[in-house]
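model the structure of this input:
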Amino acid sequence: MSAPISAPFSLRGRVALVTGSSTGLGKFMGIALGQAGAKVAVNYNNNTARAEKTFAEFKAAGCDGMLVRGDVSSETEVPRIIAEITATLGPVDVLVVNATPDQPHKPIEEYDWAFYQQMLDFFIKSPVLLAKACLPHMKQQRWGRIINIGSEVVARGVPNFTAYVAAKGGQNGLNRSLATEVASSGITVNMISPGWIPVERHENDPQEEKDGYRALIPADRWGVPQDLSGAVVFLASEASSFITGQNLHVNGGLTVH
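As a prediction, this is how the structure comes out:
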């Protein structure tokens, strides 16, 4: 048997990239990884002022890292992003695929193919590009963590949401297949699927929709962004080294079957 790990949740000496981490759930996951000891690349694409404010919060929380701007669904941008992180912090050991676009609910007749394509670009193309850019280093050192941020909507089959649900379902399939492909290289690939955890972009959601969802949660409370902190640190750490290809639902028991 191998020797016990003295600090199984420590990420000291690791470099993490959290895509789309200037706001929402991504911001809190980035801070959690930083507080666990990782150097974290905080990624954003559009709002520089918001990203700089988030990075100031990140530093105030005692974290070390960098801001990196770029579109993680772009074939030209992803290699540049990874190269910038490598030059400043070191090669990426922990990849958290979190970036997301707006997600309007519409009947299928009201979606055009361009919107479906945008969902596929964020949730299939981006994870593939990022994995391909990070895997050479992970394979060389025989250690790596890829964490896809999914959604409970796939298990729930949420209506009027086909574009997002279909793309997230595809991301889950990619997660499972890649997990078995790279397991022998000491790399784990897992997914965290949050429930509806209100963040900035939910501020104007109808109150009746919020009330209806809240009534369904067995844990009898709303989820908060910090509820993802333990999950992401665990899956990024040595403590989860024999866990791969899994989808961890963080939603207070809403999708228990």
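
hey, let's count contacts and neighbours off CA atoms from now on
Noted.

send the alpha carbons of the strand or helix carrying Leu178 over as CSV?
In this assignment (DSSP states H and E), Leu178 forms part of helix 162-182. Below are the C-alpha coordinates for helix 162-182, written out as CSV (Å, rounded to 0.1, in the frame of the first residue of the first chain):
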residue,chain,number,x,y,z
THR,A,162,-33.3,22.0,-25.4
ALA,A,163,-30.2,23.8,-26.7
TYR,A,164,-28.5,24.0,-23.4
VAL,A,165,-29.6,20.6,-22.2
ALA,A,166,-28.5,18.9,-25.3
ALA,A,167,-25.0,20.5,-25.2
LYS,A,168,-24.6,19.8,-21.5
GLY,A,169,-25.6,16.2,-22.2
GLY,A,170,-22.9,16.0,-24.8
GLN,A,171,-20.4,17.5,-22.4
ASN,A,172,-21.3,14.7,-19.9
GLY,A,173,-20.6,12.1,-22.6
LEU,A,174,-17.3,13.7,-23.4
ASN,A,175,-16.4,13.7,-19.7
ARG,A,176,-17.1,10.0,-19.4
SER,A,177,-15.2,8.9,-22.5
LEU,A,178,-12.2,11.1,-21.8
ALA,A,179,-12.0,9.8,-18.2
THR,A,180,-11.4,6.2,-19.4
GLU,A,181,-9.1,7.4,-22.2
VAL,A,182,-6.6,9.2,-19.9
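
could you say what helices and strands that helix packs with?
Counting contacts by 3 or more CA pairs under 8 Å, 6 or more residues apart in numbering; DSSP states H and E, helix 162-182 is packed against helix 113-120, helix 153-156, strand 187-194.

how about the ones you listed in JSON lines, adding distance to Pro107?
Formatted as JSON lines, the helices and strands packed on helix 162-182 follow (distance: least, CA to CA, whole Å):
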{"stretch": "helix 113-120", "distance to Pro107": "13"}
{"stretch": "helix 153-156", "distance to Pro107": "15"}
{"stretch": "strand 187-194", "distance to Pro107": "23"}
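
which of the ones you listed is buried the deepest?
strand 187-194 (a mean of 25; mean count of other CA atoms under 10 Å).

for Leu11, find the nearest of the helices and strands packed on helix 162-182.
The closest of those to Leu11 is strand 187-194. By CA to CA, the value is 15.0 Å.

okay, buried residues for the next helix or strand after that closest one please.
Next helix or strand after strand 187-194 toward the C-terminus (DSSP H and E): helix 207-214. Neighbour counts over helix 207-214 (16 or more other CA atoms under 10 Å) mark Arg214 as buried.

Ala51 contacts Ser22, doesn't it?
Yes: assessed by CA atoms under 8 Å, Ala51 is found in contact with Ser22 at 4.8 Å.
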